[in-house]
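[1] sequence first, then the predicted structure, then my questions.
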Amino acid sequence: MKKGCEVLKEVGAQKIHEATHISREYVQAILHESFEGMTRVQLFGFISIFEREYSVDLSELKSRAEEYFNIITPQVNEENRTKVFLPSNKKRNLAPIYIGVAIAIFVAFALLNIKSINSKESKNTKVDNSVINSAKSNITLDIKDENSSTIEKVESTKEVTIIDDSKNEAISFKIIPRAKVWLGYIDLSTHKKNQTIFSDEFSLDPSKEWLLAFGHGHINIEINGVVTEYKDPKTVRFLYKDAELKKLNFEEFRSLNRGNIW
């Protein structure tokens with residue numbers, strides 16, 4: 001009885017690529033046990049797809065892959081699928097603080113003026129009480145006017161903030177594969193790499209910039225409710241930035257990825 005790898009070699013890398021939508025370069029590397037450039041979750045995901053599609057036993061290949069990763073890298077958590085949540089932007093209402101500060105300033109101003117008036121009283125033998133009352137009345141009116149002005153400014157600021165918030169509505173960034181697909185995604189702010197294999201809807205943080213690589217291009221991508229359909233049996237690569245998606249060739253992807261193919 002032929003071994004699993006022998007069966008796959010007879011089928012050929014091209015036909016396996018067409019049937020599974022796994023990149024031809026990865027198929028050839030696995031058939032020749034060249035595991036460089038692949039991570040544990042990526043490699044074992046591909047092997048599982050081969051076993052399911054061709055009903056072959058690839059236990060020996062899995063064992064050699066396990067030995068390779070035990071030597072080259074420490075054991076890592078194979079389930080590295082990350083859900084990124086949008087941070088909540090809660091803005092404090094600063095109106096009471098502004099009003100309190102304004103009142104404190106004008107009260108201090110009033111006390112200083114009253115103190116100055118009292119000082120003049122001690123120097124003068126006769127003081128017109130009507131002048132003092134008028135001064136106090138003017139101070140009170142000034143405080144009320146300034147408080148009213150401060151409240152109007154705070155309300156105006158509050159209105160501007162609400163308008164700004166309405167302009168910065170949250171957007172969505174979703175990937176809907178039409179067949180099971182491998183995805184490698186890189187956060188360009190940190191260059192942290194993640195990867196997963198999935199067949200259901202997958203979401204990423206739309207406020208970030210991403211480098212994306214797919215095992216095949218039979219996918220739909222939704223950005224803020226607008227869906228774009230792609231039909232490509234080969235590996236496809238994209239740059240997501242400012243709610244826009246740009247398709248990249250191999251050299252463009254490697255340049256943005258600091259010279260790495262992945």
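    Thanks, I have it.
[2] tell me how this protein divides into domains.
    4-72, 95-167, 173-256 (automatic domain parsing).
[3] can you give me the end-to-end span of the longest one?
    By Cα to Cα, to the nearest Å, the extent of domain 173-256 from end to end equals 20 Å.
[4] with the first one instead?
    Across domain 4-72, the terminal residues are separated by 25 Å (Cα to Cα).
[5] on that earlier part again, mind putting the domains of the chain into JSON lines with mean neighbour count, mean pLDDT and distance to W262?
    In short, each C-beta sits where N, CA and C put it, glycine included. Conversion of the domains of the chain to JSON lines gives the following (neighbours: other Cβ atoms under 10 Å; pLDDT from 0 to 100; distance: least, Cβ to Cβ, whole Å):
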{"stretch": "domain 4-72", "mean neighbour count": "16", "mean pLDDT": "91", "distance to W262": "7"}
{"stretch": "domain 95-167", "mean neighbour count": "12", "mean pLDDT": "55", "distance to W262": "37"}
{"stretch": "domain 173-256", "mean neighbour count": "16", "mean pLDDT": "95", "distance to W262": "6"}
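[6] give me the element Y68 is part of.
    helix 59-72 (DSSP states H and E).
[7] check which helices and strands that helix sits against.
    If you count contacts as 3 or more Cβ pairs under 8 Å, 6 or more residues apart in numbering; DSSP states H and E, helix 59-72 packs onto helix 4-11, helix 40-54.
[8] give me that answer again for 7 Å
    helix 40-54 (3 or more Cβ pairs under 7 Å, 6 or more residues apart in numbering; DSSP states H and E).
[9] all helices of the stretch 101-250 of the chain, in order?
    129-167, 250-256 (DSSP state H, counting those that start in this stretch).
[10] what angle do the helix holding Y68 and helix 40-54 make?
    170 degrees (axes from the mean of the first three to the mean of the last three Cα atoms, to 10 degrees).
[11] what's helix 59-72 in contact with?
    K3, G4, C5, E33, F35, R40, L43, F44, I47 (Cβ atoms under 7 Å, 6 or more residues apart in numbering).
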